[in-house]
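Peer 1: Generate a structure from the sequence data that follows.
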Amino acid sequence: MTGSCRLGWGLAILFLIATLTLSYTFLIQGKTGPSSDGRTAIILTPGERDLVLTEMRAFLTAVQAIIDKANQKDAPGIVKAARAVGMQTAGAVPVSLMGKLPLAFKELGMGTHHRFDQLALDAEQMEDTQQVLMDLSVLLNNCIACHAAYRIEAEQPCTP
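Peer 2: Numbering: from 1, shown residues only. Predicted coordinates:
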């Protein structure tokens, strides 16, 4: 093997290692650290933290509306509330923020959006509010799992 060939292979391997490391960091691990309560802290800028918490409050608002509409036997109202937080809203998250979120958190979040869409579809097709409440019970397991595992923390500004 000539020197230039070895250099080429060495650079290719170095590039592969760097790519795998960055992929692991941005796609799987995210920007995380330990928290004081044993959960994984996801470290975000204050604006990113606000965005994630706003989305969680939207989930909670939808849950309340779905329960209210189920008690009223109002399937169209259930559909409207569930679709408001379905997959159509998942695309509003900036790529820079997605890179900071660990893979398991992203899977729970996307799964929750998807379950809201499925709940809306079930309500639309079956108009069975009891089934909707059972779907909602399963969906809430995502919320419980997420809140048990993660804590959203704001980055601390650098001090001179």
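Peer 1: How many residues are close by Ala41?
Peer 2: Using other Cβ atoms under 10 Å, Ala41 has 16 other residues around it. From N, CA and C alone the C-beta is placed, and that goes for glycine too.
Peer 1: got a list of what it touches?
Peer 2: Residues counted as contacts of Ala41 (Cβ atoms under 8 Å, 6 or more residues apart in numbering) are Thr32, Gly33, Pro34, Ser35, Tyr150, Arg151, Ile152, Glu153.
Peer 1: can you rerun that using 7 Å?
Peer 2: Thr32, Gly33, Pro34, Ser35, Arg151, Glu153 (Cβ atoms under 7 Å, 6 or more residues apart in numbering).
Peer 1: same thing with Ala120?
Peer 2: Under the contact definition (Cβ under 7 Å, 6+ apart), the residues listed for Ala120 are Val79, Ala82, Arg83, Gly86.
Peer 1: so where's the longest helix in the chain?
Peer 2: Longest helix in the chain by number of residues (criterion: DSSP state H): helix 46-71.
Peer 1: Which positions in that helix come out as buried?
Peer 2: Of the residues in helix 46-71, those scored as buried under the neighbour-count criterion (16 or more other Cβ atoms under 10 Å) are 48-49, 51-52, 55-56, 59, 62-63, 65-67, 69-70.
Peer 1: Phi, psi for Val85 please.
Peer 2: Backbone dihedrals for Val85, given as degrees, to the nearest 10, come out at phi -130, psi 20.
Peer 1: Thr61 is in contact with that one, correct?
Peer 2: No. Judged on Cβ atoms under 7 Å, Val85 makes no contact with Thr61 at a distance of 8.1 Å.
Peer 1: And the strands in this protein?
Peer 2: Ranges of strands in the chain, per DSSP state E, are 32-34, 40-44, 150-154.
Peer 1: Deepest-packed of those, please.
Peer 2: For the strands of the chain, ranked by mean neighbour count under the definition mean count of other Cβ atoms under 10 Å, the leader is strand 40-44 at a mean of 19.
Peer 1: Adjacent strands (with direction) for that strand?
Peer 2: Using DSSP bridges, the strands paired with strand 40-44 are strand 32-34 (antiparallel), strand 150-154 (parallel).
Peer 1: Adding mean pLDDT and distance to Asn142 as columns, could you present the ones you listed in a markdown table?
Peer 2: Listed next are the strands paired with strand 40-44 as a markdown table, based on pLDDT from 0 to 100; distance: least, Cβ to Cβ, whole Å:
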| stretch | mean pLDDT | distance to Asn142 |
| --- | --- | --- |
| strand 32-34 | 93 | 19 |
| strand 150-154 | 95 | 12 |
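Peer 1: Having no further points to raise, I will conclude here.
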